[in-house]
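Student: Provide a 3D model corresponding to the input given below.
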Amino acid sequence: MSVRREIPEYDGLYFITLTCCHWLKLFEITNGYHIVYNWFDHLKGKGHFINGYVITPNHVHALIAQPLLVLRVCMEGRFTNKREEIE
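Tutor: All right, here's what the predicted structure looks like:
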């Protein structure tokens with residue numbers, strides 16, 4: 001069953017998993033790996049960062065960072081989980 005959730009946060013690093021229906025190897029069967037890459041391009045076009053990913057024949061894992069997290073890391077020179085406003 002598909003679940004769509006809106007993330008109310010505007011910064012953060014998210015680990016997501018997308019699975020094919022009934023774990024069928026649809027990416028392999030349809031040679032549809034380009035669909036995942038197109039989705040990554042869409043996210044990058046909206047300012048998100050793909051920090052890492054694994055594409056298998058039936059599911060995808062990805063680490064996706066929101067823009068403010070990357071800005072915070074660059075400005076501070078290190079990762080922090082503090083919730084501070086960046087001015």
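Student: Just give me the longest helix of the chain.
Tutor: The longest helix of the chain (DSSP state H) is helix 33-45.
Student: in the protein, which spans are helices?
Tutor: 26-29, 33-45, 67-76.
Student: hey, least reliable of the ones you listed by pLDDT?
Tutor: Ranked on mean pLDDT, the bottom entry among those is helix 67-76, at a mean of 57.
Student: wait, what's in contact with residue 45?
Tutor: With contact set as CB atoms under 8 Å, 6 or more residues apart in numbering, residue 45 has no partners. Where you see a C-beta, it was placed from the backbone N, CA and C, and this is true even at glycine.
Student: gap between it and residue 38?
Tutor: Using CB to CB, to the nearest Å, we find residue 45 at a distance of 10 Å from residue 38.
Student: Then residue 23?
Tutor: 22 Å.
Student: same deal with residue 51?
Tutor: 18 Å.
Student: So if I had to pick from these two, which one is more boxed in?
Tutor: residue 51 (14 against 11; other CB atoms under 10 Å).
Student: if I read this right, that one contacts residue 63, doesn't it?
Tutor: Yes - Residue 51 is in contact with residue 63 according to CB atoms under 8 Å; the separation is 4.0 Å.
Student: any shared contact partners between the two?
Tutor: In contact with both residue 51 and residue 63: residue 13, using CB under 8 Å, 6+ apart.
Student: what's the first-to-last distance across stretch 45-61?
Tutor: 20 Å (CA to CA, to the nearest Å).
Student: Now do the buried residues in that stretch.
Tutor: Neighbour-count burial for stretch 45-61 flags 48, 55, 58, 60 (criterion: 16 or more other CB atoms under 10 Å).
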